[in-house]
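Visitor: Fold the following for me, if possible:
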Amino acid sequence: MATLVVQPESITEKFGPHLSKSTGMRLDPGVVPDKVVETHCCFCGQQCGIQLLVKHNQVIGYEPWYEFPFNKGKLCPKGVKRYLQGAHPDRLLHAYKRDPANPHGFSPVPYEKAIRKVAEEIDRIQKKYGPSAFASLSGASLTTEKTYLMGKFARVCLKTPYTDYNGRLCMVSAGAGNKKAFGVDRAANPWSDILKAEVVWISGANVAECAPITTDYVWQARENGAKVIVVDPRITPIGRTCDLLLPIKPGRDIALFNGILHLMIKNGWIDHAFIEGHTIGFDEVASAVEEWTPARTAKITGIAEKGILQAAEWWGRAKTSFLMHARGIEHSSHGVQNVLGAINMVLASGRIGREGCGYATITGQGNGQGGREHGQKCDQLPGMRDISNPEHRAYVASVWGVDPAELPDAGVDAYEIIRKIDRNEIRGLLSISFNPIVSLPDNNFVRRALEKLEFYVAVDFFLNDTARFADIILPGSLQEEDEGIVGTAEGRVIKINKAIDCPGEAREDWRIIQDIAHALKRPHGFNFHSPREIFDELRIASKGGIADYSGITYEKIERQFGVFWPCPSDEHQGTPRLFEPGSWNPIAKGKGPFYFPDGRARFNVAKYSAPAEDADADYPLMLTTGRVISHFLSGTQTRRIGPLVDQCPDPFIEVHPMLARKLGLKEGERATAESRRGAITLQVRVVRTIRPDTIFIPYHWAGNKSANQLTISAQDPISHIPEYKICAVRLRKAETPPVEARPH
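Guide: The predicted model follows:
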């Protein structure tokens, strides 16, 4: 059973998190690096260019990479300090096995012995319960070669349908909405188009803290005369510098988008020629938004009518525009509907597929784009192919050298995998670069489910909070210890260059997966000698698909500072801007720029529904969660980097002054937030930058500091993304002094 065998503090004493600081060579200005490696930041989906300074197989610092066109040398606090994750005291240098006799809960074990144990347990479980009794969960921070390999590993080696990835918690609502409207899941425009927009609309995106370099693009657009509209229940840093803030009640975005479209139609601010020539479904949508008058929209959204009218006029009258959104509208039980509502506004304006006229979803994870293209999703095959499509199955099976009938059918999403574990339908799990016990909602249930596993193996470079429950831990690789490609928020495919070797017995992740396949005596298709060899097969597997990488090479990436897919031939230079007039794609085949057989985009009726759990008499407040600038996702890396922890050592509860007065709370005091699933006690921050009916808690921490103790596991019925951004809570002054936090 996957339970802790010693107290959490004992595990922390050995495996951390401990804090790294700049010491030794990193502080000595006289040290000359052995080499300077041009590569990219390991954190968010912007994938900013950076130069790592290497001395004695250690990253000792960084230099700006001014030539890389996206960030031109600029970095956020995480990028500046990312080098401190290397040579870290918590770095896993050996494989470990669960050991109740060890005071720290785990003992080192030779790597080869650990691999044999993993293979023995996979074989045992599958022989006893069937192939589908074992599952895998992987991460969107892995290179695309690794994500491709994980999808292949699940289907060809494990022969299980149950594989998914942590992008399920990030980009899937955006992806599903984009596919319904455009037929393709990628940002439509390069970020350079932001600079030429007359209006920049940002919904549900704390850009300045979550995608800081994108803020520079927005500010440059403003310097060029653009109006910036921000929709958010909090006045985030980007909201403090916008021209119009719409402080929406959490979970009401569809109402706003429908209300704006209502006004666009009423005032004639729509592009009739574009609608008639390049779309279908407009009349049905126009009929559906007739009821969304400014008065009704204001009542549902909590936004003043004059703000709605002003936003509609600016958006409607603009000649060029750029709309972007992120998790604020996507982390919802109706996230896909939110996305479709936003896209309807874009399509009605006709401002897409040309310079300065764009639409994009702001990708969260480092390979959040590439990681959702080539097969690690539960229903997907390489090239954004559909695992349920017989032609797609036949093509990929031919590349993999297997019978299409041998490929499993579509599986289930990551949270449903946890539910299947709870129901004893899945008995074994392999995870890689995924920390579900922190990142999944209602994580007390997640922990209880994981404790039922007969065998759990975790692959990571630090002992993340979930790996504490593992039977075997395999030491994987940091980004700088391997090479490969990732896809950025723009759809630009860029290359991670290896800077240092893996320390100790740590291995590149793709080697670990292949070693397991060989130990299982299922080596077919797992004999790669380098990421380049994996990429070469991926190119073939993606050929002819929507996400066609067949014309991309490592050399072309280096030469062009990245290649925008699709890139279907060696001569093709890539596609920075989708949907341009006269463009060709493998679905429309010349009939139009959008990825449907008729080449036309789809309007979709975006039906309004309230959040799965709204405020009520017992739980009268709304909780929304998000990030802070110095941390990233579940904090496995950033909670170990001293200067970043110094900026924000602990989570907090943001409370409006009106609510604070009502509850008798003061700045710096501790308060307890409670939902129907759990409670958390944190320090109070009294701020005027949040709605009085809403509180905010960042989600980067574990144990009794984890915001996901409170969140609800309600999911979007299409994308299956959880509703992180709203649940009902109540708040009170803390009754007792805080207990020292335990990771788990």
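Visitor: For the stretch 51-200 of the chain, which segments count as helices?
Guide: 77-81, 111-129, 144-152, 172-182 (DSSP state H, counting those that start in this stretch).
Visitor: Tell me which of the ones you listed sits most buried.
Guide: helix 144-152 (a mean of 29; mean count of other CB atoms under 10 Å). Yep, even glycine has a C-beta here, placed from its N, CA and C like the rest.
Visitor: Which residues does it contact?
Guide: Helix 144-152 has contacts (CB atoms under 8 Å, 6 or more residues apart in numbering) with 136, 138, 140, 142, 163, 165, 367, 370-371, 373-377, 380-382, 400, 432, 484-487, 493, 509-510, 513-514, 525-526, 528, 531, 534-535, 537-538, 541.
Visitor: Quick one: mean pLDDT for that helix?
Guide: Helix 144-152 carries an average pLDDT of 98.
Visitor: tell me how far that helix is from the chain's mean position?
Guide: Relative to its parent chain, helix 144-152 has a centroid offset of 17 Å by CA atoms, centre = their mean, to the nearest Å.
Visitor: Also stretch 663-677?
Guide: 29 Å.
Visitor: in it, what counts as buried?
Guide: 665, 670-675, 677 (16 or more other CB atoms under 10 Å).
Visitor: With pLDDT, distance to Arg82 and secondary structure as extra columns, can I get those in a markdown table?
Guide: Output for the buried residues of stretch 663-677, formatted as a markdown table (pLDDT from 0 to 100; distance: CB to CB, whole Å; DSSP: H, G, I helix; E, B strand; the rest coil):
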| residue | pLDDT | distance to Arg82 | secondary structure |
| --- | --- | --- | --- |
| Leu665 | 98 | 36 | coil |
| Arg670 | 98 | 32 | strand |
| Ala671 | 98 | 33 | strand |
| Thr672 | 98 | 34 | strand |
| Ala673 | 98 | 31 | strand |
| Glu674 | 98 | 36 | strand |
| Ser675 | 98 | 34 | coil |
| Arg677 | 97 | 34 | coil |
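Visitor: coming back round to it: show only the entries of the contacts of helix 144-152 found in strands.
Guide: Counting by DSSP state E, the part of those found in strands is 136, 138, 163, 165, 380-381, 432, 484-487, 493.
Visitor: pLDDT weak spots in this structure?
Guide: The chain contains residues with pLDDT under 70 at 1, 736-744.
Visitor: can you tell me which residues contact Ala304?
Guide: Ala298.
Visitor: ok, it to Gln310 distance?
Guide: Distance from Ala304 to Gln310, counting by CB to CB, to the nearest Å: 10 Å.
Visitor: Also Leu137?
Guide: Taking CB to CB, one finds Leu137 at 45 Å from Gln310.
Visitor: Of the two, which one has the most company?
Guide: In this view Leu137 and Gln310 are compared by other CB atoms under 10 Å, and Leu137 has more residues nearby, 26 against 16.
Visitor: Got the domain ranges for the protein?
Guide: The chain breaks down by automatic domain parsing into domains covering 8-85, 95-168+367-477+503-529, 621-733.
Visitor: Go through the ones you listed and name the closest to Gly277.
Guide: Proximity to Gly277 (CB to CB) singles out domain 95-168+367-477+503-529 among the domains of the chain, at 26.2 Å.
Visitor: any idea how far the nearest residue to Asp243 once chain neighbours are set aside lies from Gly590?
Guide: In this structure, Asp243 finds its nearest non-sequential neighbour in Lys227, 4.7 Å apart by CB to CB, 6 or more residues apart in numbering. Using CB to CB, Lys227 is found at 37 Å from Gly590.
Visitor: where along the stretch 601-744 of the chain do the helices fall?
Guide: Ranges of helices in the stretch 601-744 of the chain, per DSSP H, counting those that start in this stretch, are 642-647, 657-663.
Visitor: So which of those helices is the most surrounded?
Guide: Mean neighbour count (mean count of other CB under 10 Å) peaks for helix 642-647 among the helices of the stretch 601-744 of the chain, with a mean of 17.
Visitor: just how off-centre is that one within its chain?
Guide: 23 Å.
Visitor: and what of stretch 377-395?
Guide: 22 Å.
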